[in-house]
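Chemist: No letters, just coordinates:
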Ligand code: BG6
């Protein structure tokens, strides 16, 4: 039998995502000897570049991650020699025929498998998929296509996109990426829950008071205003990254670790979610601000953002899963740009110990004494559990301490970038971390009505200063459900 080869074509090769994430991830996989023996990387974009110019461009963002690796430069050179370029229009049949020619030359004599990574704006997805599937799909091996969000703007447009993609591809060939699913601590979520007796039995309304999913960035949308203004933070972060984490967190035990079994459970959770009401959503937008002599711009100062834009750069939402496990447990999500810190974490607040013997020691604020499990996805990956503990000494005084698993202290190896995990999975045909179309439909069904209402009623976002903790409305929303955001304690 012939040996096989994989050709990876990055469509939109000169874009930001390709340069900053995709090529470096491919190189890291090559460096770690994870790529198949025979592979080539093609960059496809409109600009006229030679192979050499593409290599030059890519080489600027490749890193060896851990400095002083001796053979890194040699490896980089070997990798770059496997990278080629094809310039072409995104909707040009002819240019894809040319690409196909080049792919064939490289594949000579081997079983050809082809992976396309669409790192391009959504309005040209279909053109590319049509041309690629007609003219550049593998004649005898597999053809897979990785697509990046946005997958539409609401239920309707997303369904339309899926329908059109499926004119050219089968569901099996479509790899919808959500890079948060490739993050180490998100992947670990199931391990933590399903293989630890101290957690698994507690994972329900019986012991958990609320769950918080928090995403914050300490920079604004500068440079991406054009894209961002059309989507806003709910579509950019909540509907995908946070909701995917929630689904993994809350799903029932899957039959196995098989992709379909896991995705079946995720979709059930998503479909069990109560329709989100406007009352349970708070939106905000950052305003300009001067601090320590430095001035920070408002969202609307960005030239690419229309004046008077109401697009939220911050949102908080309280969502509920109407099933036996999670009935009435608030899941609070919060996502914002231009806040005081960059962080993504999951916080699980447990209930009170019934008849706590040490009640007196906590004064009136018993809520502060409940256990909290924190899974810090980034930065400084960590898992820690807040417990009550006696302060050593002759008196009986208690405090809260952390049982702490800091990744940097425990695991000396580098944590791979999410794109490495996901690209490798796509090459290997592992679909576990990619979004199936029914999951996508359910995710849109949750947010579409509220997004429409926000836009139809032209709800003004609450302004918050750049670099602050965000709008106070988020605290009122949490208080409505007797919750205190854990990241403030
Ligand atoms: C992207 C969003 O999906 O995720 C960006 O479009 C956001 O707005 C980014 O900045 C955050 O990803 P990470 O991996 O840097 O946390």
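Modeler: Thanks, I have the structure now. From a predicted model like this one, the values you see are computed outputs, not experimental measurements.

Chemist: can we go C-alpha only for contacts and neighbour counts from here?
Modeler: Will do.

Chemist: okay but residue 286 is in contact with residue 338, surely?
Modeler: Yes. Assessed by CA atoms under 8 Å, residue 286 is found in contact with residue 338 at 6.7 Å.

Chemist: Overlap in contacts, those two.
Modeler: The contact sets of residue 286 and residue 338 overlap at residue 466 (CA atoms under 8 Å, 6 or more residues apart in numbering).

Chemist: Low-confidence regions, the chain specifically.
Modeler: Applying pLDDT under 70 to the chain picks out residues 1, 65-69, 489.

Chemist: What is the neighbour count of residue 320?
Modeler: Close neighbours of residue 320, defined as other CA atoms under 10 Å, add up to 17.

Chemist: Does it touch residue 280 like I think?
Modeler: No. In this structure, residue 320 is not within contact of residue 280 by CA under 8 Å, at 10.4 Å.

Chemist: Now do residue 373 against residue 350, distance only.
Modeler: To residue 350, residue 373 is 8 Å away according to CA to CA, to the nearest Å.

Chemist: Quick one: end-to-end distance for stretch 227-238.
Modeler: 16 Å.

Chemist: Work out the gap between it and the centre of the chain.
Modeler: 13 Å (CA atoms, centre = their mean, to the nearest Å).

Chemist: now the strands: where do they sit in the stretch 351-489 of the chain?
Modeler: For the stretch 351-489 of the chain, applying DSSP state E, counting those that start in this stretch gives strands covering 372-378, 382-390, 398-406, 462-465.

Chemist: Same list (the ones you listed) but as JSON lines, adding mean neighbour count and distance to residue 152.
Modeler: Below are the strands of the stretch 351-489 of the chain laid out as JSON lines (neighbours: other CA atoms under 10 Å; distance: least, CA to CA, whole Å):
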{"stretch": "strand 372-378", "mean neighbour count": "21", "distance to residue 152": "27"}
{"stretch": "strand 382-390", "mean neighbour count": "17", "distance to residue 152": "34"}
{"stretch": "strand 398-406", "mean neighbour count": "14", "distance to residue 152": "38"}
{"stretch": "strand 462-465", "mean neighbour count": "20", "distance to residue 152": "26"}
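
Chemist: Looking at those, spot the one closest to residue 364.
Modeler: Of all these, it is strand 398-406 that lies closest to residue 364, at 14.2 Å by CA to CA.

Chemist: What lies in contact with the closest one?
Modeler: So strand 398-406 is in contact with 361-362, 369, 380-391, going by CA under 8 Å, 6+ apart.

Chemist: Now with 6 Å, please.
Modeler: 382-391 (CA atoms under 6 Å, 6 or more residues apart in numbering).

Chemist: Stretch 222-240 too?
Modeler: With CA under 6 Å, 6+ apart, stretch 222-240 has contacts from 304-305, 311-313.

Chemist: what about 7 Å?
Modeler: 153, 178, 302, 304-305, 311-315, 335-336, 443-444, 447 (CA atoms under 7 Å, 6 or more residues apart in numbering).

Chemist: Among the residues you listed, name the ones in helices.
Modeler: 443-444, 447 (DSSP state H).

Chemist: So which of these wins on neighbours?
Modeler: residue 444 (25 neighbours).

Chemist: Quick check: the residue lying closest to that one once chain neighbours are set aside vs residue 182, distance?
Modeler: Closest residue to residue 444 apart from its sequence neighbours, by CA to CA, 6 or more residues apart in numbering: residue 155 at 5.0 Å. Remark: distance between residue 155 and residue 182 (CA to CA) = 25 Å.

Chemist: again, but for residue 250
Modeler: Applying CA to CA to residue 250 and residue 182 gives a distance of 18 Å.

Chemist: try residue 142
Modeler: For residue 142 relative to residue 182 (CA to CA), the value is 23 Å.

Chemist: Checking the residue nearest to the spatial centre of the chain next. Helix, strand or coil?
Modeler: Per CA atoms, centre = their mean, the C-alpha nearest to the average position across the chain is that of residue 180, at 2.6 Å. Secondary structure, DSSP: H, G, I helix; E, B strand; the rest coil: residue 180 is helix.

Chemist: Tell me how many other residues surround the closest residue in space to residue 415 that isn't next to it in sequence.
Modeler: Nearest residue to residue 415 in three dimensions, chain neighbours excluded: residue 184, at 7.2 Å (CA to CA, 6+ apart). Look at residue 184: counted by other CA under 10 Å, it has 17 neighbours.

Chemist: Please apply the same query to the one 5 residues further on.
Modeler: Neighbour count for residue 189, taken as other CA under 10 Å: 16.

Chemist: Return the residues in contact with residue 295.
Modeler: residue 289.

Chemist: Specify the beta-bridge partners of it.
Modeler: Beta-bridge partners recorded for residue 295 (DSSP bridges): residue 290.

Chemist: Give me the contact list for the helix or strand containing residue 74.
Modeler: If you go by DSSP states H and E, residue 74 is part of helix 72-81. Contact partners of helix 72-81, identified using CA under 7 Å, 6+ apart, comprise 27, 31, 55, 64.
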